[in-house]
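J.: Below are the sequence and a predicted model for it; my questions follow.
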Amino acid sequence: MFRRITSNKQDQPSLWQELYNRWEDHIGKIQCSFFYIINSYPKTVYGVMVSSILISLGCFFYLPKTHKDTTQPPAKSLLSGFYAGMGSIAYSASATKELFELQSIVEQLVRKDSLTHQDSAMVVYVFERMQKIETSIINSKMPDTLVHK
């Protein structure tokens, strides 16, 4: 159905090959001088290598080490904040739903001509429940239940 377009790709040199081609003269001079120094002064080069190893060992064993704090903070997963936020949103939504239900109960009681003892107890319960929901939202603590009983 579709034909692949072929092109005559020429072999392009790699990045390292291009860099070597660009700096070939300088690299050659550095190689020649490096091998000249190594071949002319082998004892000196060996002495520098051994002394650098001894200095490294001395630094490793005798310089004071800084003590790092070994206590690790509790590891939090990336999703813990997400889950906490989703729980907060779900709690707020259910609290809002319950507040609307309580408000509708109060509106029904207000529409009545006369209130009985049971109705007045219901009003007291509704206002107490609204107060509990408000304090739990302010304190960011989820109450035991959000179901209207």
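T.: Yes, it's here. The structure displayed is predicted, hence computed values, not measured ones.

J.: buried set for the helix or strand containing Val124?
T.: Using DSSP states H and E, Val124 sits within helix 117-139. By neighbour count on 16 or more other CB atoms under 10 Å, the buried set for helix 117-139 is Met122, Val126, Arg129, Ile133, Ser136, Ile137. Every residue, glycine included, has its C-beta placed from N, CA and C.

J.: Centre of the chain to that helix, how far?
T.: Distance of helix 117-139 from its chain centroid, counting by CA atoms, centre = their mean, to the nearest Å, is 40 Å.

J.: what does stretch 60-67 give?
T.: The chain centroid and the centroid of stretch 60-67 are separated by 33 Å under CA atoms, centre = their mean.

J.: Quote the end-to-end distance of that stretch.
T.: 14 Å (CA to CA, to the nearest Å).

J.: buried sites along the helix of greatest length in the chain?
T.: Ranked by residue count under DSSP state H, the longest helix found in the chain is helix 78-111. By 16+ other CB under 10 Å, the buried positions in helix 78-111 come out as Tyr91, Ala95, Glu98, Leu99, Leu102, Ile105.

J.: quick one, phi/psi of Arg22?
T.: With angles defined as degrees, to the nearest 10, Arg22 sits at phi -70, psi -40.

J.: Number of residues surrounding it?
T.: By the criterion of other CB atoms under 10 Å, Arg22 has 10 neighbours.

J.: Can you give me the distance of it to Pro13?
T.: 11 Å (CB to CB, to the nearest Å).

J.: go on, His67?
T.: Computed as CB to CB, the His67 to Pro13 distance reads 51 Å.
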